[in-house]
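Asker: Predicted model follows, preceded by the sequence.
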Amino acid sequence: MNKVVKNASEALYGIRDGMTLMVGGFGLSGLPENTIAALASSEVKGLTCISNNAGVDDFGLGYLLKNRQIKKMISSYVGENAEFERQLLNGELEVELIPQGTLAERCRAGGAGIPAFFVPAGYGTEVADGKEVRVFNGKPHLLEHALVADFAIVKAWKGDTHGNLIYRHTANNFNQAMAMAGKITIAEVEELVPAGELDPNQIHTPGIFVQRIFQGKDYEKRIERLTER
Amino acid sequence: MNKVVKNASEALYGIRDGMTLMVGGFGLSGLPENTIAALASSEVKGLTCISNNAGVDDFGLGYLLKNRQIKKMISSYVGENAEFERQLLNGELEVELIPQGTLAERCRAGGAGIPAFFVPAGYGTEVADGKEVRVFNGKPHLLEHALVADFAIVKAWKGDTHGNLIYRHTANNFNQAMAMAGKITIAEVEELVPAGELDPNQIHTPGIFVQRIFQGKDYEKRIERLTER
Amino acid sequence: MALSKEQIAQRIAQELKDGYYVNLGIGIPTLVANYVPEGIEVVLQSENGMLGMGPFPEKGQADADMINAGKQTVTVLPGGSFFDSSASFAMIRGGHVDLTVLGAFEVTDKGDIASWKIPGKMVKGMGGAMDLVASAKNIVVAMQHCSKDGESKLLKECTLPLTGVACVKKIVSDLAVLEVTDDGFLLLERAPGVSVEDIRKVTAGRLIVNGEIPEMKF
Amino acid sequence: MALSKEQIAQRIAQELKDGYYVNLGIGIPTLVANYVPEGIEVVLQSENGMLGMGPFPEKGQADADMINAGKQTVTVLPGGSFFDSSASFAMIRGGHVDLTVLGAFEVTDKGDIASWKIPGKMVKGMGGAMDLVASAKNIVVAMQHCSKDGESKLLKECTLPLTGVACVKKIVSDLAVLEVTDDGFLLLERAPGVSVEDIRKVTAGRLIVNGEIPEMKF
């Protein structure tokens, strides 16, 4: 049950042009930095990236945007990236915006074998366009569908050789739900330990969801908005 | 934000005849023993109990069955209880059987504001009677609805004054999903600590889901099927 | 006199009750945390995945792994917890958050809100706002009563794309506190020195004025 | 000669592949864990909420907080994890479990299975069986080929209430290994000393026999 691979490049074996990727993280927190870097130095292109945000110009998915490797972004908030804006306005990039909670739940549903579910978010807005509306308890809801990805790329704090993951603080964010929804899920971790060293009661992502794991290096962990007292 | 009550009786304040209760536990593991005992010594009756199992004759929900306090059981497996069987065969008890995974997900959905969702379990069986069928990815699914309860009664290993809960081993089972779905959620814990003593990364049930918490006592933690090597 | 942003936040803080779980949006709503009344304990939720959000960190103590929904570095208070985003929105969608405070470009007298998109401007996305407004039990909007050119932002119908319909319960603007009722905006309080007539002039939606309207108290 | 329960389990164990996540039902399926082939590592899931289920505890070491789906006390192996039941069935429903082994009263040549309810007998409930059969990528059924009165349990149509439809992939009975195909039960292997004719006599569903059928090897 050893799922350890050497590095990000090895973890990305099998990735091809046009695939759909989920990329964990919120803002610049909890980003799979090593795997994004390996993607950026690869030739793969035409990607559809499902990620809550699109990075900034010189960090996170911004690298892939700069290289024109992304065809489409599926996100809830993309507002911190000049190159993103340029590509979008030039029609070089497709963007699908999804309410944040619906996005998280659609990823979980993809991993949990729930093809569709009803939520109230977006009713009466442009998000509802083309969606089935049904009233429950007097309140209109939209039918939303599960999301799955060819690869889900996540970052955790600690992991073991079985692929069990523990996140740290708010760096969990989308990583946990996305880890469930990848046909192949790649986890990079700050600290990789042998199976048995993590408390089985404290695992956030059980190894069954993870196909490949490696210890990342040189984490920059950039802070987008340093705010001090 | 102190949610601590003195004991089970105080925790049950406001419970009335005919209410719907979720009761955590699987088999006899992870049962809210103190709260069940307090219910059994109360006068409340006509309850609808949502619980994966129905206890055994002299433990768990068996106490309430013996007292004829339960009008209806919603469960996935009820096969260890002679008094249960007697009441069912005599028409004194209603029973609704739900596949175990659907039951767990319906509880989570109730807590998560998802009124309905599609699952494949039960298609083509009597569980599908009267349910909407829809095909996703070539596979038929049933529309299942969320469950909520007037009271959810759960048991955890450790808890704090804010209602944060940590479960131990497989005693988590249905407790976590049910804790989300109670209008009032009562948690009894083996060890109650001040807020701040539990690692915020290790909380299974965040306190927002819990309205009342108390330290239980005299846990019997009975083993249904002691099996040794 | 129109309220400052801090005063709007201060007035909204009076809506807090002991034991509330509260989600504060970006901008003025964030400031509400600075005015929690004495003797009242509330727990702040940040929708990226934390409860018990505390103040910004001391200088040099910022942690890249602990940010709020506005991507600012924060701290966690005793009794807090971290969880994934699907669990976080389960709390929001399931109605477990007692009060949501957020900003808006426009609101209507039916409680509709527009807050995320301005045609012709770069679209940044709705983030968690649509989830929050669709599910919150109680929504208070913090906003300016008028645009910079003096146009009312309290309307009969929104001119901008909607974030949610029939969801806003209360508005605290720089001029007034208003409740959204079946019959329109019910005027509850005036900013100090602002008259009912001043408010009426810049409220394009239906305004209900019943009897004497008190000034806000701080 | 018909296989013993242990032999059925032993034969099913040959279906295991290195790295598989496996859910074993109650009864014969549980015994499969005793025959995991040398050099192969599998992780057992118990649907109440654990991965990495280990053997029963040593005498005196049983823990009421660590039971399997059959309510037996168990242990956890290194690399295991505990989680709540909704997460557990997310794994099952989401197709993350590689192999599910369970018992059955009846199966059909179309892969339908009846395993939970016998009219006239006390209904105990389906537990997790309906979730498992509806979602498993690969289902092997461990069962007796005939009832005690010699009636075939491999049928054209189930006589008992269904647990799931068109889901069973393979059957290991006391007499044979069969694959469910579009055209019916494809006979793969015979129990030692059992003839194709013996199997044909007690298989009420469509049976396909292509060429020489080998005996099972242990």
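Answerer: Done, it's in.
Asker: lowest average confidence, helix or strand, in chain C?
Answerer: In chain C, no helix or strand scores lower on mean pLDDT, DSSP states H and E than helix C:28-31, which sits at a mean of 94.
Asker: Just the buried positions in that one, please.
Answerer: Residues of helix C:28-31 classed as buried by neighbour count (16 or more other CB atoms under 10 Å in any protein chain shown): C:I28, C:P29, C:T30, C:L31. The way it works is simple: take the backbone N, C-alpha and C, and place the C-beta from them, glycine included.
Asker: Reformat the residues you listed as JSON lines; add distance to chain A.
Answerer: Shown next, in JSON lines, are the buried residues of helix C:28-31 (distance: CB to the nearest CB, whole Å):
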{"residue": "C:I28", "distance to chain A": "16"}
{"residue": "C:P29", "distance to chain A": "15"}
{"residue": "C:T30", "distance to chain A": "10"}
{"residue": "C:L31", "distance to chain A": "13"}
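Asker: What count of nearby residues applies to residue 54?
Answerer: Chain wasn't specified; assuming chain A. Counted with other CB atoms under 10 Å in any protein chain shown, the neighbours of A:A54 add up to 27.
Asker: Chain C is the one I meant
Answerer: Neighbours of C:G54 (other CB under 10 Å): 15.
Asker: how about the closest residue in space to C:N68 that isn't next to it in sequence, what does it touch?
Answerer: Spatial nearest neighbour of C:N68, excluding adjacent residues (CB to CB, 6 or more residues apart in numbering or on different chains): C:S46 at 4.3 Å. C:S46 makes contact with A:T170, C:N23, C:M53, C:N68, C:A69, C:V74, according to CB atoms under 8 Å, 6 or more residues apart in numbering or on different chains.
Asker: where does C:S46 fall, phi/psi-wise?
Answerer: With angles defined as degrees, to the nearest 10, C:S46 shows backbone torsions of phi -120, psi 130.
Asker: From C:N138, how far off is it?
Answerer: Using CB to CB, to the nearest Å, C:S46 is found at 18 Å from C:N138.
Asker: before we move on, what about C:D18?
Answerer: Counting by CB to CB, the gap from C:D18 to C:N138 is 15 Å.
Asker: Name the residue most distant from the centre of chain A?
Answerer: In chain A, counting by CA atoms, centre = their mean, A:G138 sits farthest out from the average C-alpha position, at 34.0 Å.
Asker: circling back: who's more crowded, C:D18 and C:N138?
Answerer: Neighbour totals were compared for C:D18 and C:N138, and C:N138 leads with 16 against 10 (other CB under 10 Å).
Asker: Can you tell me, leaving aside adjacent residues, what's nearest to the more buried one?
Answerer: C:L99 (4.9 Å).
Asker: Quick check, pLDDT for the one you found.
Answerer: Listed pLDDT for C:L99 reads 97.
Asker: beta partners of it?
Answerer: C:V22 (DSSP bridges).
Asker: contacting residues around it?
Answerer: Here C:L99 is in contact with C:E15, C:L16, C:Y20, C:Y21, C:V22, C:N23, C:A136, C:K137, C:N138, C:I139, C:V140 (criterion: CB under 8 Å, 6+ apart).
Asker: any chance you could map the strands in chain C?
Answerer: Counting by DSSP state E, one finds strands in chain C at the ranges C:21-24, C:43-46, C:50-53, C:76-82, C:99-103, C:106-108, C:113-114, C:139-143, C:154-155, C:170-173, C:176-181, C:184-190, C:207-208.
Asker: and of the ones you listed, who's closest to C:T163?
Answerer: Nearest to C:T163 among the strands of chain C is strand C:113-114 (5.0 Å), distances taken as CB to CB.
Asker: So which other helices or strands are in contact with the closest one?
Answerer: Contacting strand C:113-114 under the criterion 3 or more CB pairs under 8 Å, 6 or more residues apart in numbering or on different chains; DSSP states H and E are the following elements: strand C:106-108.
Asker: and the strand it packs on, is it in reach of chain A?
Answerer: No. Against chain A, strand C:106-108 shows no contacts by CB under 8 Å from any CB of the partner chain, the least distance being 11.4 Å.
Asker: what's that strand in contact with?
Answerer: With CB under 8 Å, 6+ apart as the criterion, strand C:106-108 contacts C:113-115, C:141, C:143, C:153-160, C:168, C:171, C:180, C:205.
Asker: again, only using 6 Å
Answerer: C:I113, C:A114, C:V141, C:K153, C:L154, C:L155, C:E157, C:C158, C:L160, C:V168, C:I171, C:G205 (CB atoms under 6 Å, 6 or more residues apart in numbering or on different chains).
Asker: for the helix or strand bottoming out on mean pLDDT in chain A, packing partners?
Answerer: When the helices and strands of chain A are scored by mean pLDDT, DSSP H and E, helix A:82-89 comes last with a mean of 88. Counting contacts by 3 or more CB pairs under 6 Å, 6 or more residues apart in numbering or on different chains; DSSP states H and E, helix A:82-89 is packed against helix A:62-66.
Asker: next SSE after the helix it packs on?
Answerer: Sequence-wise, the next helix or strand downstream of helix A:62-66 (DSSP states H and E) is strand A:70-75.
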